[in-house]
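Asker: Prediction below, plus the sequence it came from.
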Amino acid sequence: MAFTFYGLLEACLLVVNAIAILHEERFLAKIGWGTDQLAGFGEEKGTKHQVINLIHSVRTVTRIPLIFLNSVAIVVLILMG
């Protein structure tokens with residue numbers, strides 16, 4: 001099995017899918033990464049705050065594009081074998 005550009009794109013798609021399906025109340029809040037854990041206005045924003053913000057942004061922005069990208073990936077895998 002060769003390492004290809006498509007393989008890299010598919011791996012990125014799987015990582016974004018994994019981030020998009022994280023449930024805030026069931027998983028993220030239990031480990032202290034919910035949006036209620038964010039620092040207040042004017043406070044120092046650390047790495048944890050930036051990761052929480054990234055997860056929330058990915059979940060918000062990529063919902064509709066992920067449906068299309070997953071459909072394209074499935075069709076390509078079916079056609080190419």
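Answerer: Sure, I can see it. Keep in mind that what you see is a predicted model, and the values were worked out from it rather than measured.
Asker: Next, report how far the least confident helix or strand in the chain by mean pLDDT is displaced from the centre of its chain.
Answerer: Lowest mean confidence among the helices and strands of the chain (mean pLDDT, DSSP states H and E): helix 47-61, at a mean of 84. Between the centre of helix 47-61 and the centre of its host chain there is 9 Å, according to C-alpha atoms, centre = their mean, to the nearest Å.
Asker: Repeat that for stretch 8-21.
Answerer: 6 Å.
Asker: on that earlier part again, got the angle for the next helix or strand after the least confident helix or strand of the chain vs helix 47-61?
Answerer: Per DSSP states H and E, the first helix or strand lying C-terminal to helix 47-61 is helix 63-80. Angle, helix 63-80 to helix 47-61, by axes from the mean of the first three to the mean of the last three C-alpha atoms, to 10 degrees: 70 degrees.
Asker: Packing partners of helix 63-80?
Answerer: helix 5-20 (3 or more C-beta pairs under 8 Å, 6 or more residues apart in numbering; DSSP states H and E). In short, each C-beta sits where N, CA and C put it, glycine included.
Asker: Number of residues surrounding I52?
Answerer: 21 (other C-beta atoms under 10 Å).
Asker: Pull up the gap between the closest residue to it other than its chain neighbours and P65, please.
Answerer: Leaving aside its sequence neighbours, I52 sits nearest to W33 (C-beta to C-beta, 6 or more residues apart in numbering; 5.3 Å). The spacing between W33 and P65, counted by C-beta to C-beta, to the nearest Å, is 23 Å.
Asker: and if you look at T47?
Answerer: From T47 to P65 the distance is 26 Å (C-beta to C-beta).
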